[in-house]
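Enquirer: Generate coordinates for the sequence data below:
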Amino acid sequence: MPPEVIRAASSSQPFDSLAAAPSITCPILAYHSILDEIVPSSQAQALQRAAVNSRDVRLELLPDSGHNDVWIKHTPLLARLLDGFLARVALPCEPALDEAALLRLPVRDLRSRAAAHGLDVSHCIEKSDIVRLLMDAK
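Expert: Numbering: from 1, shown residues only. The predicted structure is shown next:
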């Protein structure tokens, strides 16, 4: 998520979500109640249209609920929507490897795995140092 979106979300200042929507590139699953008495569903539809750079945008408009009772009234449906969305957009997970299997990998693969876990391996001299960091990160 772009830093300006994160800063705005943690601020008490008004946030222009419509202006920020084009900067979102990750998949989006949103739900909104048609009968929401606080935020009109037309605003959710405008956000959906504005998210032009997201590779996958899904907006589910839900009947028969208000602003605060969507999950109460639609839990099974929302759970199914979330499961389907994650199955469609989630990246495949790397298989968990034990220490011996990690030691058999090339150093570049170990560095890639470490980077995916947010680990800094620039100080590692030996292949075993990277493996130790990966094992400790589990």
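
Enquirer: Just the helices from the protein, written as ranges.
Expert: 3-9, 17-20, 41-50, 70-89, 99-104, 107-116, 127-137 (DSSP state H).

Enquirer: Show the average pLDDT along the second one.
Expert: Summarised as a single mean, pLDDT over helix 17-20 is 91.

Enquirer: Check the helices of the chain for me: which has the lowest mean pLDDT.
Expert: In terms of mean pLDDT, the lowest-scoring of the helices of the chain is helix 3-9 (a mean of 61).

Enquirer: ok, residue 58 - contacts?
Expert: Residues near residue 58 by C-beta atoms under 8 Å, 6 or more residues apart in numbering: 28, 29, 30, 81, 85. C-beta here means a position set from N, CA and C on the backbone, and glycine is covered the same way.

Enquirer: Residue 21: how many residues sit nearby?
Expert: 20 (other C-beta atoms under 10 Å).

Enquirer: From residue 56, how far off is the residue nearest to it when sequence neighbours are not counted?
Expert: Nearest non-adjacent residue to residue 21, counting by C-beta to C-beta, 6 or more residues apart in numbering: residue 50, 3.7 Å away. Separation of residue 50 from residue 56 (C-beta to C-beta, to the nearest Å): 15 Å.

Enquirer: out of the two, which sits in the more crowded spot?
Expert: Of the pair residue 50 and residue 56, residue 50 is the one with more neighbours under other C-beta under 10 Å, namely 18 against 12.
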